[in-house]
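Novice: Quick check, what structure comes out for this input:
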Amino acid sequence: MTRKYSSKTIKAYVHYNEEFLKFCGKNPCEMENNDVKDYLFHLVEVKEVSTSTLNIAINALKFYYGKILNQRFVYEIKRPKKDKKLPVVLSHEEVFRILTTVPNIKHKAVLMLVYSSGLRVSEVVKLKYEDIDTERKLIHIRGAKGRKDRYTILSDVAMEAIMGYLKEYGQSKWLFPSQDREKHITTRTVEMIFSNACKKANIRKEATVHSLRHSFATHLLEGGTDLRYIQELLGHKSSKTTEIYTHVSNKDIGRIKSPLDSLQINGGEND
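Specialist: Just a heads-up that it's a prediction; the model follows:
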């Protein structure tokens, strides 16, 4: 029954079901619909979780109490609408500052690949040397979100960084191994690398590693790349997911002139 779920999803489901039991102080067979409502209310009002996190908790309870215990109360919960938040996008100059503040050649290669190829952090950590096609300048992403393979572009600059990194570190099972070379580096490690780079680069935006993927898509769109190709490179199932980048791109909005500029009013008199 758990075959179609990723290890990340299984871990989240176990976490929220355990947390639910601790919150209620009951056995699973004693749970009632009000217990579920109280717990979800606690997540929203006290812990102030995001809509996406709340939906994960709902799915976790729905799986266990609905599919395993055949309880119906979980199905009665009305799901909240997803927050309509725009992605954080970094400018070309901000990306440059971030990448140039990373002294470690391995860490720099990781961040370069995320930005230059639009990778998810979970994808870049699992790359193997054979996934890098230097002849065709492509990266083979295996078992991506939705368990689908795809190809994305390989930048010349990123490829040069990878070759320099491999020359210094040598090849192993994973393109970016951890200290135990039989294992790949963790997503948490990459997040820390990015966070430290942002601090050094004095980035004030609330950016995460995923912001590099958002920036990749937005910069391609602003450069004139068709949205359908961007969808393919990112591995989005629906074009609607990719269309969010039209809301953060300055390709067309940047050409609009504010009516204030035509009034020729200066910023105020000097004292």
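
Novice: Which parts of the chain belong to which domain?
Specialist: Per the record, the chain has its domains at 7-76, 92-246, by automatic domain parsing.

Novice: Now do residue 157: how many residues are near it, please.
Specialist: 11 (other Cβ atoms under 10 Å). The C-beta positions use only the backbone N, C-alpha and C, and glycine is treated the same way.

Novice: Pick the most buried one from the domains of the chain.
Specialist: Mean neighbours per residue, mean count of other Cβ atoms under 10 Å, is largest over these for domain 92-246, with a mean of 17.

Novice: Low-confidence regions, the protein specifically.
Specialist: The model of the chain has pLDDT under 70 over residues 1-3, 74-83, 144-147, 252-271.

Novice: separation between the closest residue in space to residue 181 that isn't next to it in sequence and residue 128?
Specialist: Nearest residue to residue 181 in three dimensions, chain neighbours excluded: residue 172, at 4.5 Å (Cβ to Cβ, 6 or more residues apart in numbering). Using Cβ to Cβ, to the nearest Å, residue 172 is found at 9 Å from residue 128.

Novice: for residue 200, same thing?
Specialist: Taken as Cβ to Cβ, the span from residue 200 to residue 128 is 30 Å.

Novice: Could you do residue 217 as well?
Specialist: For residue 217, the distance to residue 128 - Cβ to Cβ - is 24 Å.

Novice: One more: residue 102?
Specialist: 22 Å.

Novice: Could you do residue 198 as well?
Specialist: Distance of residue 198 to residue 128, given as Cβ to Cβ: 28 Å.

Novice: Could I get the full set of strands for the stretch 51-200 of the chain?
Specialist: For the stretch 51-200 of the chain, the strands defined by DSSP state E, counting those that start in this stretch occupy 132-133, 138-141, 150-153.

Novice: Present the ones you listed as JSON lines; the columns should include distance to residue 42.
Specialist: JSON lines is the format used below for the strands of the stretch 51-200 of the chain (distance: least, Cβ to Cβ, whole Å):
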{"stretch": "strand 132-133", "distance to residue 42": "46"}
{"stretch": "strand 138-141", "distance to residue 42": "38"}
{"stretch": "strand 150-153", "distance to residue 42": "39"}
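
Novice: Identify whichever of those strands lies nearest to residue 50.
Specialist: strand 138-141 (26.3 Å; Cβ to Cβ).
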